[in-house]
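[1] Requesting a structural model of the entry that follows:
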Amino acid sequence: MKLAAQYNRATLIITVAVLFIAGVAYYAAINYIVNKQLDRDLVEELTEITDYINTNQHLPRPLDFEGDQTTFIKTDKDNLETTFYDTPYHKNRGNKTEQGRAVQSLIYLKGNHYIIVVAESKEASENLTQLIIGITILLTAILLLILILTNRYIFSGIWRPFYHILQQLKAFNVADTNNINLNKTNIDEFSELNDAVTVMASRVKNDYQNLKSFTENASHEMLTPIAVITSKLDTLIQDEKLKAEQFIQINDIYTATNKLSRLNQSLLLLVKIDNDLIHDHATFNLKDVILEKEHQLQELAQNKNIELIHLLEDKQITASRYLIEILINNLFNNAIKHNPVDGELYIRLTQRELRFQNTGDHNALNSDEIFERFKKGKNSDGTGLGLTIAKNICSQYGYSLNYSFESPYHTFKITFND
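    Coordinates of the predicted model:
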């Protein structure tokens, strides 16, 4: 959930909770005030009736007007506290019952005690209370609506610089020579964020350029001595005067030098892939690339008497042909290198996926480590970067490369994104 949505939700929940609590307290306050006003009116009525009895020494007839009722009840009690309470109020007109407020007290007349009950209708007060509550609810709804619109439009405008920064960070490319473009803002926090992002982008680009220059220079400088060593070793190997022991030692050096050369090229290629420095995109048929690599590696497969079976459909892709050739070459080499003599290799290409299935070791490989750098089998003499390069090439084009094992076949499957 976005930050703005979380903020809006929290704001609305808190606002509704506060308004609900305030509404309950407001209703209680209004009800208290109304009851107090009615109690004062009832006290006046009670005082008038008491004065009338004391003056005339007889009970008045029971009052039954539109607004109040008076009742006298003879009692043996000689002490009763004056109390106020809510009670149903029965109207003779229309035979209607509604909310009322009453007071009871004790009076003395000619040796007898009477409980006097004066009741008054709360209809007018209830109507006023309902009107006030209705207005309050309406104002609350208007407030919530204003709050929602404010959060949606005004606050979204306030957060616009943040989303612009986020968009620039998503589009940031360390290899791009253009500077990151950030809008000016009068909000201090976003202004500080702009400055921090600008400094960070500049520092990252500078570090990248330094690392890129170092990698390219180191790789280039390593090629010359490696070429010289290889050339000298070629000359030494061709010397007929070499002893068998010397030939073995020189051949070991020659093998190690070739491995160092391949490692140098592989690391340089990984840097280019990781930083998206290869842009020779074209549309071509993947089937043609597979058939071409199959022809090139046919002799290597025949040396191990590997039965190679393919079932290929035409599949048009748009990518760097150079990188796709490396991808297919690495998967081919891996399938042949780790295949036993008289093994099998199946290649299946459809519109959705490409599979390389080969016989090999009867135990499954560690799928969590197989695509990591320098992870290789115990008997492998490679650089340990072939599958890493393949995985990175697939990731660059949105393909997924996965490994699975179902005895006796090891399967590497590329799933296309279209």
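[2] list the contacts for Lys315?
    Shown in contact with Lys315 (CB atoms under 8 Å, 6 or more residues apart in numbering): 285-287, 349-351, 354, 416. For every residue, glycine as well, the C-beta is placed using N, CA and C.
[3] ok, so of those, who is nearest Asn179?
    Nearest to Asn179, judged by CB to CB, of those is Phe416 at 35.7 Å.
[4] what's the distance between that closest one and Gln246?
    Separation of Phe416 from Gln246 (CB to CB, to the nearest Å) stands at 52 Å.
[5] more crowded one of those two?
    Neighbour totals were compared for Phe416 and Gln246, and Phe416 leads with 17 against 13 (other CB atoms under 10 Å).
[6] what about the stretch 1-150 of the chain, any weak spots by pLDDT?
    Within the stretch 1-150 of the chain, the segments meeting pLDDT under 70 span 1-4, 62-68, 92-95.
[7] tell me how far the longest strand anywhere in the chain is from the chain's mean position?
    The residue-count maximum for a strand in the chain (DSSP state E) belongs to strand 96-109. Strand 96-109 sits 65 Å away from the centroid of its parent chain (CA atoms, centre = their mean, to the nearest Å).
[8] longest helix anywhere in the protein?
    For the chain, the helix with the greatest residue count under DSSP state H is helix 3-56.
[9] And the contacts of the helix or strand just after that one?
    Downstream of helix 3-56, the next assigned helix or strand under DSSP states H and E is strand 68-75. For strand 68-75, the external contacting residues (CB under 8 Å, 6+ apart) are 45, 49, 59-60, 62-63, 89-90, 106, 112-121.
[10] by how many degrees do the helix or strand following strand 68-75 and helix 3-56 diverge?
    Next helix or strand after strand 68-75 toward the C-terminus (DSSP H and E): strand 83-91. In terms of direction (axes from the mean of the first three to the mean of the last three CA atoms, to 10 degrees), strand 83-91 departs from helix 3-56 by 90 degrees.
[11] so what does strand 83-91 touch, helix or strand wise?
    helix 3-56, strand 96-109, strand 112-121 (3 or more CB pairs under 8 Å, 6 or more residues apart in numbering; DSSP states H and E).
[12] where does the residue sitting furthest away from the middle of the chain sit relative to Glu299, distance-wise?
    Distance from the C-alpha centroid of the chain, by CA atoms, centre = their mean, peaks at Lys110 (86.1 Å). Lys110 sits at a distance of 137 Å from Glu299 (criterion: CB to CB).
[13] got it, and Ser367?
    With distances taken as CB to CB, Ser367 is found 31 Å from Glu299.
[14] More neighbours: which of these two?
    The residue with more neighbours, out of Ser367 and Glu299, is Ser367; 11 against 8, by other CB under 10 Å.
[15] Who are the contact partners of the more buried one?
    Ser367 neighbours (CB under 8 Å, 6+ apart): 402-404.
[16] And the helices in the stretch 201-350 of the chain?
    244-274, 286-296, 298-303, 321-337 (DSSP state H, counting those that start in this stretch).
[17] Just send the contacts of Ser367 back as a markdown table, with distance to Leu311 too.
    Below are the contacts of Ser367 laid out as a markdown table (distance: CB to CB, whole Å):
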| residue | distance to Leu311 |
| --- | --- |
| Asn402 | 20 |
| Tyr403 | 20 |
| Ser404 | 18 |
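[18] Of those, grab the buried ones for ChimeraX.
    Listed next is the ChimeraX selection for buried residues among those, using 16 or more other CB atoms under 10 Å:
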select :403
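[19] Of the contacts of Ser367, which belong to strands?
    Per DSSP E, the contacts of Ser367 map to strands at 402-404.
[20] Of these, which is the nearest to Ile226?
    For the ones in strands among the contacts of Ser367, the residue nearest Ile226 by CB to CB is Tyr403; the value is 32.3 Å.
[21] wait, doesn't the closest one sit right on Leu365?
    Yes - counting by CB atoms under 8 Å, Leu365 is a contact partner of Tyr403 at 6.4 Å.
[22] List the residues that are in contact with both of the two.
    Here Tyr403 and Leu365 share the contacting residues His410, scored by CB under 8 Å, 6+ apart.
[23] Quickly list the domain ranges of this protein.
    Each domain of the chain is listed here as a residue range: 3-154, 190-274, 281-415, per automatic domain parsing.
[24] Same list, those, but as JSON lines with distance to Lys170 please.
    Converted to JSON lines, those look like this (distance: least, CB to CB, whole Å):
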{"stretch": "domain 3-154", "distance to Lys170": "16"}
{"stretch": "domain 190-274", "distance to Lys170": "12"}
{"stretch": "domain 281-415", "distance to Lys170": "16"}
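[25] Would you tell me which one of the ones you listed is buried the most?
    Among these, the stretch with the highest mean neighbour count (mean count of other CB atoms under 10 Å) is domain 281-415, at a mean of 16.
[26] Secondary structure element holding Arg355?
    Assessed by DSSP H and E, Arg355 sits inside strand 353-359.
[27] Quick one: mean pLDDT over that strand.
    What strand 353-359 shows for mean pLDDT is 92.
[28] which residues sit against the helix or strand that comes right after that strand?
    The element immediately downstream of strand 353-359 (helix or strand, assigned by DSSP H and E) is helix 386-396. Contacts to helix 386-396, defined as CB under 8 Å, 6+ apart, come from residues 266, 269-270, 273-274, 276, 323-324, 326-327, 330-331, 333-334, 370-373, 375, 400-401, 412, 414.
[29] do the same with stretch 155-168
    By CB under 8 Å, 6+ apart, the list of residues contacting stretch 155-168 reads 3-4, 7-8, 180-183, 185, 187, 190, 193-194, 197.
[30] low pLDDT regions in the stretch 151-300 of the chain?
    156, 175, 177, 219-220, 275-277.
[31] mind listing the strands for it?
    281-285 (DSSP state E, counting those that start in this stretch).
[32] now the angle from the longest strand of the chain to strand 112-121?
    Using the same axes, to 10 degrees, strand 96-109 lies at 150 degrees relative to strand 112-121.
[33] now the angle from strand 96-109 to strand 68-75?
    50 degrees.
[34] got the CA positions of strand 96-109 in PDB?
    Extracted in PDB, the C-alpha atoms of strand 96-109 (Å, rounded to 0.1, in the frame of the first residue of the first chain):
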ATOM      1  CA  LYS A  96     -49.900   8.700  22.200                       C
ATOM      2  CA  THR A  97     -47.000   7.800  24.400                       C
ATOM      3  CA  GLU A  98     -43.700   9.700  24.200                       C
ATOM      4  CA  GLN A  99     -40.700  10.500  26.300                       C
ATOM      5  CA  GLY A 100     -41.200  12.600  29.400                       C
ATOM      6  CA  ARG A 101     -39.600  14.000  32.500                       C
ATOM      7  CA  ALA A 102     -41.100  13.900  36.000                       C
ATOM      8  CA  VAL A 103     -40.500  15.100  39.500                       C
ATOM      9  CA  GLN A 104     -42.000  13.700  42.600                       C
ATOM     10  CA  SER A 105     -42.200  15.100  46.100                       C
ATOM     11  CA  LEU A 106     -44.200  14.800  49.400                       C
ATOM     12  CA  ILE A 107     -46.700  17.400  50.600                       C
ATOM     13  CA  TYR A 108     -48.800  17.600  53.800                       C
ATOM     14  CA  LEU A 109     -52.500  18.600  53.800                       C
END
